[in-house]
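Novice: need a structure here:
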Amino acid sequence: MCKIVPPEKWLKTQITRLCLYFLGMGIETAYKNVPQAKREMDTLPDQFSFCFNVVNGPSMMILKNGHTVRYVGEKEAYHADLELVLKNIEFAYLMMTGRISTPDAVYHNRQFVRGNLAYMMTMIRVLNIAQTLLFPNFLLRFYIKTVPRLTMKTMVNRAKAYANATIGLFA
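Specialist: The predicted model follows:
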């Protein structure tokens, strides 16, 4: 009997990996530059790890150690305190490209959480703040419910987030 193996979705995997990288760097920059993100992250335990991953696909690990938050890249989620898992690369690709929102992914049972739900709500708020740094306002409506006003401080923080993600400034 022949076993059917689905083809590898190389392009969707790479796009998802790139989006997770920028999201991780955005969280790190948001913690350092946005007071609201710092307040949210400071409610979490001093030693805390968050992993956002896709089953058999790319992942993103954020470590909080005291008053520092670091994006550490694609790491094994074995010991993560909190894990947000997307069930397959198709769902991850749809989320990362803004074709479905996070509430829609939850509603259609395309993701699940391992860990404390109160911590997950905090991380969702931090993810939303990071997304406001990464995306232009006309695209943000696909990712978050209410788009904040564009201010000069937001534009400066966006520039810092892009500089941190590309050349490592403000790290």
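
Novice: doesn't residue 132 make contact with residue 140?
Specialist: Yes - between residue 140 and residue 132 there is a contact at 6.3 Å, judged by CB atoms under 8 Å. Every residue, glycine included, has its C-beta placed from N, CA and C.

Novice: would residue 48 count as being in a strand?
Specialist: Yes - applying DSSP: H, G, I helix; E, B strand; the rest coil, one finds residue 48 inside a strand.

Novice: where does the residue nearest to it when sequence neighbours are not counted fall, helix, sheet strand or coil?
Specialist: Closest residue to residue 48 apart from its sequence neighbours, by CB to CB, 6 or more residues apart in numbering: residue 64 at 4.2 Å. Secondary structure, three-state DSSP: residue 64 is strand.

Novice: Test my guess that residue 64 contacts residue 49.
Specialist: Yes - counting by CB under 8 Å, residue 64 touches residue 49, with 7.4 Å between them.

Novice: Provide a list of residues in contact with the residue nearest to residue 48.
Specialist: Contact analysis of residue 64 by CB atoms under 8 Å, 6 or more residues apart in numbering lists 41, 44-50.

Novice: Can you classify the nearest residue to residue 135 once chain neighbours are set aside by secondary structure?
Specialist: In this structure, residue 135 finds its nearest non-sequential neighbour in residue 143, 6.3 Å apart by CB to CB, 6+ apart. Classification of residue 143 using three-state DSSP returns coil.

Novice: Before we move on, what's the pLDDT of residue 143?
Specialist: pLDDT for residue 143: 75.

Novice: Tell me the buried residues in whichever strand or helix holds residue 160?
Specialist: Using DSSP states H and E, residue 160 sits within helix 152-167. Neighbour counts using 16 or more other CB atoms under 10 Å place 157-158, 160-162, 164-165 of helix 152-167 among the buried residues.

Novice: Done for today, thanks.
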